[in-house]
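>>> what follows is a predicted protein model with its sequence.
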Amino acid sequence: MSPPTPTALIAEDEPLLAAALQADLARAWPSLQVLACVGDGLSAVTQALELQPDVLFFDIRMPGMDGLDAARALAEDWPHGRLFPQLVFVTAYDQYAVQAFDAQAVDYLLKPVQRARLEKTVAKLQTVCKQRRESAASAQDPGLDNTLAQLRALLGPTTAATRRPGRCSPA
């Protein structure tokens, strides 16, 4: 079975910059599916909660609610039990970097976004996506549970008297 297609949401109030980021992402990460591009923080929160993308690309300064406030609002309202999206801030303002990383950002890109820098960000995001998939698969893989059950059945019942010291017993 192939891994699920990674998804993203872009929150950028400048339509040309949003289109440029989407085009750059298409080149750097062709399998990434951008689900929506929104122009303000409130729409970013609403759409992210509805679409639950894997990755968020947030501008810092947007009308109404800035990207940092949008990230905080999302963290408060995110569905329990669902992995929070990876967060990347894309902004022209370097003074917000510390706040961005305090908000658990995976990366912080300065505009204009440079191709080599975006490729590094994409590599980080892909690594985290892969780790999350593997972690979820091992935690929820019924095949693994079935394999362990078969192994336990083959080993037969183990009592305290038959266990050898220093050995792990089947759970």
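Arrived safely. Numbers count the residues shown, from 1 in each chain.
>>> who does the helix or strand encompassing residue 88 pair up with?
Element membership of residue 88, judged by DSSP states H and E, is strand 86-91. Strands that pair with strand 86-91, judged by DSSP bridges, come out as strand 55-58 (parallel), strand 107-110 (parallel).
>>> want to throw these into JSON lines with distance to residue 43 and mean neighbour count?
Every C-beta, even on glycine, is put in place using the N, C-alpha and C of the backbone. What follows is the strands paired with strand 86-91, written out as JSON lines (distance: least, CB to CB, whole Å; neighbours: other CB atoms under 10 Å):
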{"stretch": "strand 55-58", "distance to residue 43": "11", "mean neighbour count": "26"}
{"stretch": "strand 107-110", "distance to residue 43": "21", "mean neighbour count": "18"}
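>>> where does the chain dip in pLDDT?
Along the chain, segments meeting pLDDT under 70 span 1-2, 139-171.
>>> residues contacting residue 94?
Contacts for residue 94 were tallied using CB atoms under 8 Å, 6 or more residues apart in numbering; they are residue 110.
>>> repeat the analysis, applying 6 Å as the threshold.
If a contact means CB atoms under 6 Å, 6 or more residues apart in numbering, then residue 94 has no contacts.
>>> now it. Its backbone dihedrals?
Phi and psi for residue 94, reported as degrees, to the nearest 10, are phi -80, psi -20.
>>> with residue 121 instead?
Per-residue torsions, residue 121: phi -60, psi -50 (degrees, to the nearest 10).
>>> report how many residues lie close to it.
Counted with other CB atoms under 10 Å, residues neighbouring residue 121 total 22.
>>> cool, and residue 29?
Neighbours of residue 29 (other CB under 10 Å): 21.
>>> what kind of secondary structure is the closest residue to it other than its chain neighbours in?
In space, and not counting its chain neighbours, residue 29 is closest to residue 122: 4.7 Å by CB to CB, 6 or more residues apart in numbering. Three-state call for residue 122 (DSSP: H, G, I helix; E, B strand; the rest coil): helix.
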